[in-house]
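1. next one to model:
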Amino acid sequence: MPAVTRMPVYLGALTALIASGRTTASSEDLARTCGVGAAIVRRDLSLLSFTGRRGVGYDALDLADAIRSFLGIDRLRPVGVVGAGRLGTALAHYLSDPEHGFSVQAVFDAAPARIGEPVGDLVVTDISDLPRAVEALALELLVIAVPAGAAQSVVDAVAGTPIRGLLNFAPVPVRTPAGVEVRHVDLATELQVLSHFAPSSAEAAGGAQPVPGAAAHSPHPSPGPLEAET
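-> Model prediction:
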């Protein structure tokens, strides 16, 4: 796992320590909270050119600021959310908390019935306005929460704009232009993997029953959760 993927975990641990009144944090403190070895913590934090004091640890506030700077969230980064269904709306509300380091500036959708609906302090904008809005609002990151068949068209629509990062919740990979980073999050897939490692009590007892109408017996697989939402 790259160090950058652990940095938000360290930041969360530091935030909790600071809220509890702590002013310093050792690599052992972070290791216990984050479930990694202290040596890994020290190696990761060395990327920040930030050192602690022997026997004392790191200044918690300064280290948290250094991690925010490393992650690029030492300022509120403007974000757009594409998809105003249940998932997209929930993500827009969640990311609107400035504690996360982001500022949701716009929510887009293609469904006429959703255009103009409120989402927090925003109203849903027609997706046809996406490229112009990206430029006008200086959006840097985009959350994609649309059906699988629409995901690539969203990416294509923002090619050549200031968008530099995509968080894709659509259950399909997308092709991105050079210089644009994409992270894929498929909730159903993650739960399926988790299910493998967490067998049910019925399976453990040998009494598991097959799922009625499983895809293996159906010529028409059911749509994914995002496809069914729209």
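2. hey, where'd the strands end up in the protein?
-> Assigned by DSSP state E, the strands in the chain fall at 24-25, 58-59, 77-82, 102-109, 118-119, 122-126, 141-144, 165-168, 181-184.
3. redo these as TSV? Include distance to Ile67, mean neighbour count and mean pLDDT.
-> Glycine gets a C-beta too; all of them are placed from N, C-alpha and C. Output for the strands of the chain, formatted as TSV (distance: least, C-beta to C-beta, whole Å; neighbours: other C-beta atoms under 10 Å; pLDDT from 0 to 100):
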stretch	distance to Ile67	mean neighbour count	mean pLDDT
strand 24-25	11	20	95
strand 58-59	10	20	94
strand 77-82	15	24	97
strand 102-109	15	22	97
strand 118-119	29	16	96
strand 122-126	29	18	97
strand 141-144	18	24	98
strand 165-168	18	20	97
strand 181-184	18	13	94
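4. make a markdown table from the ones you listed and add distance to Val134 to it.
-> Shown next, in a markdown table, are these (distance: least, C-beta to C-beta, whole Å):
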| stretch | distance to Val134 |
| --- | --- |
| strand 24-25 | 38 |
| strand 58-59 | 38 |
| strand 77-82 | 7 |
| strand 102-109 | 8 |
| strand 118-119 | 17 |
| strand 122-126 | 11 |
| strand 141-144 | 8 |
| strand 165-168 | 12 |
| strand 181-184 | 16 |
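5. between those strands, which one is nearest to Ser195?
-> With C-beta to C-beta as the criterion, Ser195 lies closest to strand 181-184 of the strands of the chain, at 19.1 Å.
6. what strands line up against the closest one, and which way round?
-> strand 165-168 (parallel) (DSSP bridges).
7. got the contact list for the residue nearest the centre of the chain?
-> With distances taken as C-alpha atoms, centre = their mean, Leu167 lies nearest the centre of the chain, 6.1 Å away. By C-beta atoms under 8 Å, 6 or more residues apart in numbering, the contact set of Leu167 is Leu141, Leu142, Val143, Ile144, Val182, Arg183, Val185.
8. repeat for Thr189
-> Pro171.
9. let me know the pLDDT of it.
-> Thr189 is assigned 87 on the pLDDT scale.
10. for the protein, which spans come out with low pLDDT?
-> 1, 201-230 (pLDDT under 70).
11. not counting its own residues, what contacts the longest helix out of those in the chain?
-> Longest helix in the chain, counting residues (DSSP state H): helix 3-19. Residues outside helix 3-19 that contact it (C-beta under 8 Å, 6+ apart) are 25, 29-30, 33-34, 36, 40-41, 43-45, 47, 60-61, 63-64, 67-68, 70-71, 99.
12. 10 Å - rerun?
-> 22-25, 27, 29-36, 40-41, 43-48, 58, 60-61, 63-68, 70-71, 73, 99-101, 183 (C-beta atoms under 10 Å, 6 or more residues apart in numbering).
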